[in-house]
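Participant: Sequence and computational prediction follow.
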Amino acid sequence: MEILGEKMKKYPINVDAFEGGILISTIWESRNRELLKAVFDQLLGIQKEIRKEDGVQIEDHGDSITMTDKDGTTITRLKYDWEK
């Protein structure tokens, strides 16, 4: 991001899965969503990394998804707006 012609230093985000989910939802509902796009994109990347590490397989059913982890736990839910 640039402010008054100066490039600002970037800092990494460190969150657990719960905090990341809360932040994704909060940013998505924010009036400042466009200003926080880079943070939102980082959080989505972290979410994908967590799912991969946990062996989560995702099946896309259009308006819903089914997620199955390596232990066989399965969850089917409607997609969040940012997943559509």
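Facilitator: Perfect, thanks for sending it.
Participant: neighbouring contacts of stretch 33-46?
Facilitator: Applying C-beta atoms under 8 Å, 6 or more residues apart in numbering, the external contacts of stretch 33-46 come out as 1, 12-13, 15, 20, 23-24, 27-28, 30, 82. The way it works is simple: take the backbone N, C-alpha and C, and place the C-beta from them, glycine included.
Participant: Swap in 7 Å and give it another go.
Facilitator: Contact partners of stretch 33-46, identified using C-beta atoms under 7 Å, 6 or more residues apart in numbering, comprise 13, 15, 20, 23-24, 27, 30.
Participant: What subset of these is buried?
Facilitator: Buried subset of these (neighbour count, 16 or more other C-beta atoms under 10 Å): 15, 20, 23-24, 27.
Participant: among these, which are in helices?
Facilitator: 20, 23-24, 27 (DSSP state H).
Participant: Go through the residues you listed and say which is closest to residue 60.
Facilitator: residue 24 (18.4 Å; C-beta to C-beta).
Participant: could you check the distance from the closest one over to residue 7?
Facilitator: 26 Å (C-beta to C-beta, to the nearest Å).
Participant: Leaving out sequence neighbours, find the closest residue to residue 55.
Facilitator: Among residues not flanking residue 55 along the chain, residue 70 sits closest, at 3.3 Å (C-beta to C-beta, 6 or more residues apart in numbering).
Participant: With that, I have no additional questions.
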